[in-house]
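A.B. asks: need a 3D model of the sequence below.
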Amino acid sequence: MTNTQKALTLINTFANGDTKQAENLLALDYIQHNLAYGTGRDAFVRSVAYLASAPVKTIVKNIRAFEDGDKVFLQTIYNFAGAGEQVAFDIFRFDKDGKIAEHWDNLAAISAPNPSGRTQIDGAMKITGTDKTEENREIVKNFLYDVMQGNHAEKTPDYFDGDIYIQHNTGIADGLSGLGTALAALAEQGIQMVYTTVHQILAQGNFVLAVSEGTFGGAPTAYYDLWRVENGKITEHWDVMETIADKSTWQNQNGKF
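C.D. replies: Numbers count the residues shown, from 1 in each chain. Take a look at the predicted model:
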């Protein structure tokens with residue numbers, strides 16, 4: 001199997017309860033960054049077994065899958081044991097033996113379509129321009145520094161083709177104009193969306209996923225942003241924001257990032 005196939009097979013063990021398959025795919029010292037779960041292979045396998053024993057079957061529906069070096073990143077809809085649909089970004093790192101060695105994720109409840117009628121998962125699917133992967137990664141890296149971290153906000157229009165910006169955030173309409181309206185509304189409520197640290201930027205072709213740390217309304221927040229870049233301009237955006245749990249509740253000490 002390719003690494004992407006292995007990652008997809010692993011997440012599907014939540015639905016099919018195949019603990020042996022999970023055990024075979026994972027490194028013994030598997031590092032877990034989802035703070036609600038223990039770390040290590042055995043903890044993951046126990047989670048698979050627990051879901052298999054639940055009265056309501058877990059549902060897993062992958063939407064998009066990408067590969068970048070030793071990492072695979074996925075966008076997926078989960079419904080764990082009937083707890084409700086969530087959209088997630090998962091990142092899996094593979095070791096030199098081809099085992100899944102580390103995992104990061106961000107999850108949020110499925111919401112109604114946004115003001116432009118778009119959902120958290122619809123939109124462009126096709127991976128193109130793999131020869132431009134590094135160029136697109138650099139565009140997003142610079143965009144995060146200049147715009148999202150507020151170092152050169154005046155450069156914002158440089159990253160877009162006019163007002164063309166397809167938006168899948170649950171509360172924001174399409175276009176730079178839609179983004180500006182949403183941010184102004186937050187400001188009126190005294191809410192700031194702050195990006196302080198970028199931890200990972202993963203890319204395959206025209207899709208780039210950034211994992212960032214910051215605050216939203218003062219609360220520690222993990223931001224997972226997926227952008228589609230076309231002809232050197234940021235064109236489409238999906239995201240999952242998750243408040244980082246208080247450290248007293250963590251089930252592992254690996255940290256969110």
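A.B. asks: and residue 54, what are its phi and psi?
C.D. replies: Here the main-chain torsion angles of residue 54 (degrees, to the nearest 10) amount to phi -70, psi 150.
A.B. asks: one more: the one 4 residues further on?
C.D. replies: Backbone dihedrals for residue 58, given as degrees, to the nearest 10, come out at phi -80, psi 140.
A.B. asks: dump the residue contacts of it.
C.D. replies: Under the criterion of C-beta atoms under 8 Å, 6 or more residues apart in numbering, the neighbours of residue 58 are 14-15, 51, 78-81. C-beta: built from backbone N, CA, C; applies to glycine.
A.B. asks: and it, how far from residue 35?
C.D. replies: 20 Å (C-beta to C-beta, to the nearest Å).
A.B. asks: so where do the strands sit in the stretch 101-250 of the chain?
C.D. replies: 166-167, 193-204, 207-216, 219-230, 233-243 (DSSP state E, counting those that start in this stretch).
A.B. asks: reformat the ones you listed as a markdown table; add distance to residue 21 and mean pLDDT.
C.D. replies: Compiled in a markdown table, the strands of the stretch 101-250 of the chain are given as follows (distance: least, C-beta to C-beta, whole Å; pLDDT from 0 to 100):
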| stretch | distance to residue 21 | mean pLDDT |
| --- | --- | --- |
| strand 166-167 | 37 | 98 |
| strand 193-204 | 25 | 97 |
| strand 207-216 | 26 | 98 |
| strand 219-230 | 26 | 98 |
| strand 233-243 | 26 | 98 |
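A.B. asks: residue 65: which of these is closest?
C.D. replies: Ranking those by their distance to residue 65 (criterion: C-beta to C-beta) puts strand 193-204 first, at 9.3 Å.
A.B. asks: on that earlier part again, residue 86 is nearest to which of the strands of the stretch 101-250 of the chain?
C.D. replies: If you check each of the strands of the stretch 101-250 of the chain against residue 86 by C-beta to C-beta, strand 233-243 wins as the nearest, at 8.9 Å.
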